[in-house]
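> Quick one, what's the 3D model for this:
(chains A, B, C, D and E, ligands or ions: 4)
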Amino acid sequence: MKINRRVENVWHLIFIITILIMILPVIYAIGMSFKPLHDAYNNVLNIIPIHATLENYITLFDTLPIFRITWNTFIVATVATIFKLITAFLAAYAFVYFSFKGKEILYFLLIGTIFIPFTVTMIPNYLIISNLGMLDNVWGVILPQLADAVGIFLIRQSMKNIPLSLIEVARLDNMSHGRIMKDIVLPLVRPAITSVGIWFFISTWNEFVWPVLILKTTENFTLPLALQMFISSEGGTNFTVAMAVSVITMIIPLILYLSFQKYIIGTFTSSGIK
Amino acid sequence: MKEIKFENVRKVYGDTEVVKDLNFTVREGERLILLGPSGCGKSTILRMIAGLEEITSGNLYMNGQRVNDTPSGKRNVSMVFQNYALYPHMTVKQNIMYALKVKKIEKKEIERRFDFVLEMLQLRGYENRLPKQLSGGQRQRVALARATVNRSDFFLLDEPLSNLDAQLRVSARKELMKIHEMFGQTIVYVTHDQIEATTFADRIVLMYNGELQMIDTPDNVYHRPANVFTAKFIGSPPTNILNIEYDHGAVRIGSQSFLLNEIWKDYVNQTGTNKLLFGIRPEHIELSPVSAQKGVRGQVKYIENQGNNYGVYINVEGQEIIAMSESKNWTDGQDVYVCPVMEKIHFFDKDTERNIGYPQGLEMKDGITYSNERKVNV
Amino acid sequence: MKEIKFENVRKVYGDTEVVKDLNFTVREGERLILLGPSGCGKSTILRMIAGLEEITSGNLYMNGQRVNDTPSGKRNVSMVFQNYALYPHMTVKQNIMYALKVKKIEKKEIERRFDFVLEMLQLRGYENRLPKQLSGGQRQRVALARATVNRSDFFLLDEPLSNLDAQLRVSARKELMKIHEMFGQTIVYVTHDQIEATTFADRIVLMYNGELQMIDTPDNVYHRPANVFTAKFIGSPPTNILNIEYDHGAVRIGSQSFLLNEIWKDYVNQTGTNKLLFGIRPEHIELSPVSAQKGVRGQVKYIENQGNNYGVYINVEGQEIIAMSESKNWTDGQDVYVCPVMEKIHFFDKDTERNIGYPQGLEMKDGITYSNERKVNV
Amino acid sequence: MSSLTAAKGKLHINRENAFGYLLLIPSIIIFAVFTFWPFIYTIYLSFFEWNMISPTKEFVGLKNYTEVLSDPKTYRILGNTFLYIILLLIINCVIPYIFAFVIDLVLRKYKNFYKGALFLPAFISLVVGSILFTWILNPVSGPVAILFNWFGLEIPNWTKAEGWIIVVLSLITSWKVFGYNFILLYASINGISREIIEAARMDNVSLVRIFFQIILPMSSATGIYVFIITIVQSLQYVFTPVKVISQGGPDYASSNLIYHAYHEAFVVYRTGHSAAISIVTMALFLLLLFLEFRYVERGVYYEN
Amino acid sequence: AGNESNEDGKTVIEYWHVNAETQGGQTVTELVEEFNAQSDTVEVVAKYNPDMYKGLMQNMQAEAAAGNSPAVVQIGWAFMDYFSGNFEYTPPQNVIDEHFPDDATFLEDHFLPNVMDLAKNSDGEQVGVPYSLSTPVLYINKDILREAGLDTDGPQTWEEVKEFSEVIKEETGNYGLYFQEPADNWATQALLESNGASFIKDGQAAFASEEGIEAYQFLTDMIVEDETALHIGWDQGVQSFIDGSVAMAYTTIAQRSNIQDNAQFDVAAVESPAWEGKEVKLPAGGAMLAITAQEEEEQKAAWEFMSYLYSVEAMAEWTKGTGYVPPRHDVSEAENGLNTYLEENEMMTPAINQMDGVVPWASFPGNAGLQAEQMLLDLREQLLEGSISPEEGLKTTQDEINALLP
Ligand SMILES: Nc1ncnc2c1ncn2[C@@H]1O[C@H](COP(=O)(O)OP(=O)(O)OP(=O)(O)O)[C@@H](O)[C@H]1O
Ligand SMILES: Nc1ncnc2c1ncn2[C@@H]1O[C@H](COP(=O)(O)OP(=O)(O)OP(=O)(O)O)[C@@H](O)[C@H]1O
Ligand SMILES: [Mg+2]
Ligand SMILES: [Mg+2]
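Ligands and ions are numbered 1, 2, ... in the order given. Next comes the predicted model:
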């Protein structure tokens, strides 16, 4: 497919500008995490620190068990993501390939929960977690977050685009549902799974309203809570250390993304359903 | 008892009835061909057998048991889909082997079957391609291969060779027949290729508009068409159906007429009807540039090259007749005499369009006597 | 100058070369048929003309201009895709009208063309269906209809009728020819149906494995095959190619032999080669139960019903020969004499598999003299 | 949703419906415990006046609702909410749609780079983003303000300016979620059969038309998804920047319904009032969702 | 937290605080560690609550809803009434009397009565013990003042602040003043009450007095009319002061170390300005410690911990780490206390000096108190936007608040 060059160049320009706008803040944040705080205040325009220092990171590592915290965050994000993907996949499969009484109502109810503000469920959920004895515990952080219909929604959309005849062939060969799920549906909805998975991972990774309620001891903190420890309205926020935490917070997902980028982008571009 | 029986089966989509009150039986181990114009319901029938389409009403029996509600996986059916339905994320090899692997068939046996089918469909070299990297015909062959390795009791094929070249089609067909001889599956096969139908079929089912028109052997379908539709549908170019007036042995076309032989004359007279249609296949017409006794005169309209034959389109008293000729030596507008071969003519009732049957002892050029009953459903 | 010219065109996918050094010209207003075994590169050629596939090397000219880099939208091309590529979210009507609406063609004109094509392809009643609610053949017709209404200068058709029944195929073909006569598009048409090819084509291009084998008129392709591949590929059952020993007018098959007529004898002798293959089409063999002068003896292996003809498979000294017979009266194992019609035989060089040509003045049964040069590329 | 019923008979698995329920059990349990029960509890609370801890709850009937519905603030915030939704729909649904289309079908080079780069900010938490942008966009001392100053321009005092605050908070939210929506839409567009697009290209259909008449309908399943999560994002995601940067101010000019419910519940501890706001919000969006199901879903193209 | 003990048999209690790492978080950790090391009976677990006292209150809500509570909590002054009205607590003196007869006079001995009064609710009950105290001071950028030709000792009165600002704007183009705008009315209260207004009188809102209106008018004029004062969020305002865009910042002493460490100009802090001829009245910022432990064992442990926190050494540490003013009157001078520290950190001095003028942070009584507080915030936004006149705004808001209050 061939397109007018001039049009193409205009678009390249638009993309470059957009990307600059999107990426510069990130670079700025990274730069800031290597500045002494007064430098940050007084040399605002320097994206790259003049007096680069590791001070902020040292402060961070001195005050917090940052490896432990990173590990906690990783566990929470990974476990929640995997659980959510599994339940969502199963539910989507049921919604697409079965028909049973009340299916549409149930679907509507589940999808409706996307619009329930978390404020509505916060206190009752706190009670539940407390009764389950899961305060200050990763499970307390994970469990309520599993109730997220976004996955069901997207995976279902994606499943509905699989030509039915593929499932028919498999049914004809007397494949069990388990097999069909694993060998046919799963590979074909991989783009959806990947994108929802990334979404889940990033959002649990960065979640802070809920863990703030549940987690109490520093050893159990997740990274966003660590970030909160450097933000104070009254004493002034320590922006540079906060940026150091931010850098650490984004580094793991980023490394994960970069190492799987080929796979992820590949997934998106080679779904090949049609 | 690997037979399939349709009993008053209907299929309705929304408010279109695409299969109407279907009754017939596919016999155990039979190779049955489904023929019919595009959209007549052939794929729907296969899909009902496979259990992929709900049966609106009526009963479907397989192995003597009512299977209307049996899930497709339990029917022991393999199918080649008209649109292939290949797994896009699996290579050719994976596509073909998948079901076998799931069925836990021995590895060696899987390899054996795979090798066999790969050879049979000339797919060697493409084992590791994804479907999207294949040509149309190659995809079709993979679909066929995938269904073939299965060795199910029932084997359904929906135009499995339509995108293949003639050579490959012939060889694939032969291989399918060999496999059938070995395993004796009950085969239902949809095709638009009449050569394929006649060479492959034990019996042919002819459908039109969701209704069964005829079910019989290829010979009978060709030589003893049950009705005008069958006569016109089978054979290409189609049987010429002419409006005639019949009068005591004389067949009048417009202002001309020719005489039937005695045996026909007696038979037609005895049926008592004279509102008849006359049928003759293009290949059963002898053309002659000079006046012929048992023929009528017409003018050549145009000539169509058909490879080793020529189709000659002739205007006879305002009706178009096509005749096959080995010779190209006809010129447009030329007068020509059209002589139907008496042993190969057909008469149909003008109202019902049903075949009125054939006289006893009508001797065929090829020396075989066809059944002379009027057959529709069996 | 609506012509298309391939100049050393190659197409490579990864490391498979699917089109090799292609050189030929599609003349303005010509109906060119692309023939070849499945996977030989036909669709790829169409897609290159349409601008959907990049050309790896070489030049493609349309209207005398190099179009390698011209976007497909600017080439004034319509195409029927092998897998239809219908817009799944549009009804039949929307699918067909879409391009016309985009081109801002007058509403009345759109309706006119739509009506015409609907009639031509017998799609009336399906206007408001979505593609997924259609049968395979109906979808194909919609694809054809969509391309047909366009009236572009170049019209590419990739097996446009493969899923239709014989009747519909014949009528659609005729209508296409009418349209072609009216608008004179340059048509490139892929098919596996040789009857279609011969009835439709001005010229036929024969491809094998990405290489052009022959380009010529249907008659020449049939009667004057450029090489063994062409001879075997065209016609069904294929041309019999026999290993022979040639010795001064005598063609020896195993221990038997027959004599050529004088005209052939002189010609072959004069070419000076005697490492030859002998070719004869099944339909150019006369079978006789009794000893014949110009024939060899063989045994009937089996008989295949081909509708109005029978294919007789004969073993002659270990080589298989197929002959067409109108009669079914052959029994397996029976002795039979195989007599090639002298005017229709072919000789090929054993090494190059090229046709060695034909003697001057070889009189054909149909009275036409074919060009006797050896043609490959034009 | 005729497509569903169509799928039903075809697979002939009606008798295995029990299995369907089985697949849903994990989801049903989780949702029942962590969403439905809390939700019902909240409905219950919306009829009481309570501050979340006092041992007595006073039953007030519909008072909370009448208060919410008669409070002009509610309508102001509702207006903001829709403004957020519209802004985010434009920035995070329309633009990524176009971008995805252009990258997939118009551009030939650097596609992968663009994809990766646009996706990058998606990894950063909104809290970080909020702090970062408070700094970067400081209207007096931030780098952007200083750069603008060089050119004699002044950036608006956005944290305190009605209108601007919503725009900037939306932009900050977009900065994070843009890439994700983009990748989703890209995947969907990329999944559309090339031949169908080719068929249109060949008829010289313009890119704009291809976008609207082919890409849009055929990627609509994902489109709808992005549409809905964008609405959710404009409710739930905006919460973080609002909380970190503006606390809904100035004078509720940046509050949305969810932040407001939070504010009522956790800042001024009017639990019943907050519950009523949440319920009204829910009702409103369920209505939208219902309309979506009734009218939009119908137009969504699914393969089966 | 229940009645928990660890494997050593120590009683484990939770201490909830709001101290981010930038504001004494480290000190909390150190103090708790030291305490745990020296105590044989008690082990304290500290929990940080983000989002200051409001955040802590939210977490308390959730915890209370689940039937739990920590043992010792920091309660921001603004939340005192709400806290005492809604949560279970034990006045510290009760615990002392019951379990620690030796400490019976500890509070009397070490705290000024006006300081102890800060922790009394509107019913006069002693809810907790003041722990962190802060007052607003005026930070000045001497370089700018010098450049503008102004007295580098800074303004003494609000009237001077206005004049200074005008000159600064004129001479340097910089903003004159940043008046802190957090999510509370603390600084506003200082401004209004110093002018003779009262936020609350007899349990009723009373800020819309002539003096109150005048004071607010003063602030809005500077922002809206003169445009010499900056109207912006708190963090951003402090950022702008530190980078030299604003000459003066009126904000809490708690920001001292942030400003002192990062400002690269000649910076100083001066006492909160007075209104001409009037007495300065400054609400106390910061927090008290309250005992919310339910079990006796824990209450005992709670006081044991508190008495440690209130020791001279711990107080000194606390002040150094947080920049708050110590509530114990005897810490500043003590050798083991802050003596040398204060000499090194002159900027602390004005805050300590103005402790006499400290008044309680106005906290509206009853359940609607927080709502009232919120209405004042809403009003501030409207006033500083200039969308309403102080006269009208203050009056209507006052009426609305009084309609809510019991
Ligand atoms: N993406 C691809 N990667 C590698 N090989 C390909 C790809 N697409 C097509 N091919 C190969 O190119 C060859 C030519 O394909 P093409 O579709 O042109 O064949 P065709 O002549 O149209 O065949 P058919 O009659 O089966 O449709 C085939 O052998 C096919 O396997
Ligand atoms: N979902 C549907 N809704 C309505 N009609 C349908 C649907 N699916 C198929 N049909 C109609 O049912 C009829 C039979 O379809 P079927 O696919 O069985 O035809 P077919 O004989 O296989 O035709 P072909 O040779 O063209 O493949 C067709 O006329 C078709 O239009
Ligand atoms: Mg079909
Ligand atoms: Mg092809």
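
> For the spatially closest residue to B:Val221 that is not a sequence neighbour, list each beta-bridge partner.
Using C-beta to C-beta, 6 or more residues apart in numbering or on different chains and skipping the chain neighbours, the partner closest in space to B:Val221 is B:Ile204 (4.9 Å). (Glycine included, C-beta is placed from N, CA and C.) Here B:Ile204 sits in beta bridges with B:Ile33, B:Asp216, as judged by DSSP bridges.

> In this structure B:Ile204 contacts B:Thr217, no?
Yes - B:Ile204 is within contact range of B:Thr217, at 7.3 Å (criterion: C-beta atoms under 8 Å).

> what about these two, which has more around it?
Using other C-beta atoms under 10 Å in any protein chain shown as the criterion, B:Ile204 and B:Thr217 rank with B:Ile204 on top: 28 against 18.

> Could you look up the SS state of D:Asn112?
Classification of D:Asn112 by DSSP: H, G, I helix; E, B strand; the rest coil places it in helix.

> how deep is it tucked in, by neighbour count?
Other residues close to D:Asn112 by other C-beta under 10 Å number 14.

> State the pLDDT value of it.
At D:Asn112, the pLDDT value in this model is 81.

> how far away is it from A:Tyr257?
13 Å (C-beta to C-beta, to the nearest Å).

> contacting residues for the residue nearest to B:Val221?
B:Leu32, B:Ile33, B:Leu34, B:Leu35, B:Ala197, B:Thr198, B:Met214, B:Ile215, B:Asp216, B:Thr217, B:Pro218, B:Val221 (C-beta atoms under 8 Å, 6 or more residues apart in numbering or on different chains).

> swap in B:Leu164?
Contacts of B:Leu164 (C-beta under 8 Å, 6+ apart): B:Gly137, B:Gln140, B:Arg141, B:Ala172, C:Ser38, C:His192.

> Give the closest residue to the closest residue to ligand 3 within chain A in space, chain neighbours not counted.
Among the residues of chain A, A:Ser165 lies closest to ligand 3, at 12.2 Å counting by C-beta to the ion. In space, and not counting its chain neighbours, A:Ser165 is closest to B:Ala85: 3.7 Å by C-beta to C-beta, 6+ apart.

> Is the one you found in contact with A:Ala170, as I believe?
No - here B:Ala85 does not reach A:Ala170: they are 9.5 Å apart, not a contact under C-beta under 8 Å.

> where's the residue of chain A closest to ligand 3, which helix or strand?
helix A:164-172 (DSSP states H and E).

> Buried ones in the next helix or strand after that helix, by neighbour count?
Remark: after helix A:164-172, the chain's next helix or strand is helix A:177-179, criterion DSSP H and E. Across helix A:177-179, burial judged by 16 or more other C-beta atoms under 10 Å in any protein chain shown covers A:His177, A:Arg179.

> is the next helix-or-strand element following helix A:177-179 anywhere near chain D?
Once helix A:177-179 ends, the next helix or strand along the chain (criterion: DSSP H and E) is helix A:186-188. No - judged by C-beta under 8 Å from any C-beta of the partner chain, helix A:186-188 stays clear of chain D, getting no closer than 10.0 Å.

> same thing with stretch E:172-183?
Yes - shown here: stretch E:172-183 in contact with chain D (C-beta under 8 Å from any C-beta) through E:Tyr175, E:Ala183.

> Can you measure across that stretch, start residue to end residue?
31 Å (C-alpha to C-alpha, to the nearest Å).

> doesn't B:Asn83 make contact with the residue of chain A closest to ligand 3?
Yes - using C-beta under 8 Å, A:Ser165 is in contact with B:Asn83, at 6.5 Å.

> residue in chain A nearest to ligand 2?
Closest approach between chain A and ligand 2, counting by C-beta to the nearest ligand atom: A:Leu164, at 11.1 Å.

> State the number of residues packed around that residue.
Quick note: A:Leu164 (other C-beta under 10 Å) scores 22 neighbours.

> distance of the residue in the stretch 101-250 of chain D positioned nearest to ligand 1 from D:Val208?
Across the stretch 101-250 of chain D, the shortest distance to ligand 1 (C-beta to the nearest ligand atom) belongs to D:Arg194, at 10.9 Å. Separation of D:Arg194 from D:Val208 (C-beta to C-beta) stands at 19 Å.

> give me the number of residues near B:Asp351?
Neighbours around B:Asp351, by other C-beta under 10 Å: 9.

> Phi and psi next, for the residue in chain B that chain E sits nearest to.
Chain B approaches chain E most closely through B:His89 (46.3 Å), counting by C-beta to the nearest C-beta. Backbone geometry at B:His89, expressed as degrees, to the nearest 10, gives phi -100, psi 0.

> Skipping its backbone neighbours, what lies nearest it in space?
A:Pro187 (4.4 Å).

> Check E:Lys120 too.
Counting by C-beta to C-beta, 6+ apart, E:Lys120 lies nearest to E:Gln126, which is 5.5 Å off, once chain neighbours are set aside.

> Look up phi and psi at the one you found.
Main-chain torsions, E:Gln126, degrees, to the nearest 10: phi -80, psi 100.

> is stretch E:80-89 up against chain D anywhere?
Yes - for stretch E:80-89, a contact with chain D is found by C-beta under 8 Å from any C-beta, at E:Tyr82, E:Asn86, E:Phe87.

> Can you point out the buried residues in that stretch?
Those would be E:Met80, E:Asp81, E:Tyr82, E:Phe83, E:Ser84, E:Gly85, E:Asn86, E:Phe87, E:Tyr89, for stretch E:80-89 by 16+ other C-beta under 10 Å.

> Next: stretch B:283-298.
In terms of neighbour count (16+ other C-beta under 10 Å), stretch B:283-298 has its buried residues at B:Glu283, B:His284, B:Ile285, B:Leu287, B:Ala292, B:Lys294, B:Gly295, B:Val296, B:Gly298.

> what's in contact with that stretch?
For stretch B:283-298, the surrounding residues in contact (C-beta under 8 Å, 6+ apart) are B:235, B:240, B:253, B:256-259, B:312, B:314-317, B:321, B:323-325, B:330, B:334-342, B:344-345, C:308.

> from those residues, which would you call buried?
Among the contacts of stretch B:283-298, the ones that count as buried (16+ other C-beta under 10 Å) are B:235, B:240, B:253, B:258, B:312, B:314, B:316, B:321, B:323-325, B:330, B:336-340, B:342, B:344-345, C:308.

> Which ones among those lie within strands?
Among these, DSSP state E puts B:240, B:253, B:258, B:312, B:314, B:316, B:321, B:323-325, B:336-340 in strands.

> Of D:Arg194 and D:Val208, which one has the most company?
Between D:Arg194 and D:Val208, counted using other C-beta under 10 Å, D:Arg194 has the larger neighbour count: 15 against 9.

> Perfect, I'm done here.
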